[in-house]
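*Asks:* fold the following, please.
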Amino acid sequence: MTENDLPLIIEALLISAEEPLSIERLMDAFPEDEKPSRQAIQKALVDLGDAYVLRAFELKELATGFCLQTKVHYAQWIGRLNQDRPQKYTNAVLETLAVIAYRQPVTRAEIEEIRGVSINSTIIKTLMERDWIKVAGRRDVPGKPAVLVTTKTFLDYFNLKSLNELPPVEIFQLENSELIT
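*Replies:* Here you go, the predicted model:
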């Protein structure tokens, strides 16, 4: 394997992967005697990212690794081609997810207090089935309520590397001004 082969091999791995690939997973694709260094893979990823600047796709680093994806600019055309109906989520599901994302770790009672309504158990179940939230432990108060947090799958789905990339709360026009303040 030559130095020029590494970016092409990594590109092939990223194209064929069904999920983001971490540097460790990329390294695992090579036999022990040909395994590139972590720095060599990082350099190849930077080179690939630079090479895609004028392309319709980009190299994106997400919470769980790197992936190739179409640039947002082309979403309208892709949307017309893929006429599958996207899954719809109720306002209650989206509000609950927003509270968890911005206030985590948070209990169900705290979410209900913030939203001002009780939460149907199917909402939490839906978010857990999507693997967008998980139970991170129990709060040390009477009843030992579950503490909910978002997952790396949530970050990947919403195209985020970390929670720091969430939009600032101030940009949202909310009916209930106490929702996330």
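*Asks:* make it CA atoms for all contacts and neighbour counts henceforth
*Replies:* Will do.
*Asks:* remind me which residues of the protein are low pLDDT?
*Replies:* Along the chain, the parts satisfying pLDDT under 70 run over 84-86, 172-181.
*Asks:* could you list the domains of it?
*Replies:* 5-80, 91-171 (automatic domain parsing).
*Asks:* how long is the first one end to end?
*Replies:* Meaning domain 5-80. The first and last residues of domain 5-80 sit 36 Å apart, counting by C-alpha to C-alpha, to the nearest Å.
*Asks:* just to revisit the earlier point, quick one: the domains of the chain as JSON lines, columns for mean neighbour count too.
*Replies:* Converted to JSON lines, the domains of the chain look like this (neighbours: other C-alpha atoms under 10 Å):
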{"stretch": "domain 5-80", "mean neighbour count": "14"}
{"stretch": "domain 91-171", "mean neighbour count": "16"}
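*Asks:* mind checking what secondary structure Val149 has?
*Replies:* Three-state assignment for Val149 (DSSP: H, G, I helix; E, B strand; the rest coil): strand.
*Asks:* which ones are touching it?
*Replies:* Going by C-alpha atoms under 8 Å, 6 or more residues apart in numbering, Val149 touches Ile100, Ala101, Gln104, Pro105, Val106, Ile133, Lys134, Val135, Ala136.
*Asks:* filter those down to just the ones in helices.
*Replies:* If you go by DSSP state H, these have Ile100, Ala101 in helices.
*Asks:* closest one of the contacts of Val149 to Pro167?
*Replies:* Nearest to Pro167 out of the contacts of Val149 is Ala101 (C-alpha to C-alpha; 11.0 Å).
*Asks:* and that closest one, how close does it get to Trp132?
*Replies:* Taking C-alpha to C-alpha, one finds Ala101 at 10 Å from Trp132.
*Asks:* any chance you could map the helices in the chain?
*Replies:* Going by DSSP H, the chain shows helices at 5-16, 23-28, 38-51, 75-81, 91-103, 108-115, 121-129, 152-157.
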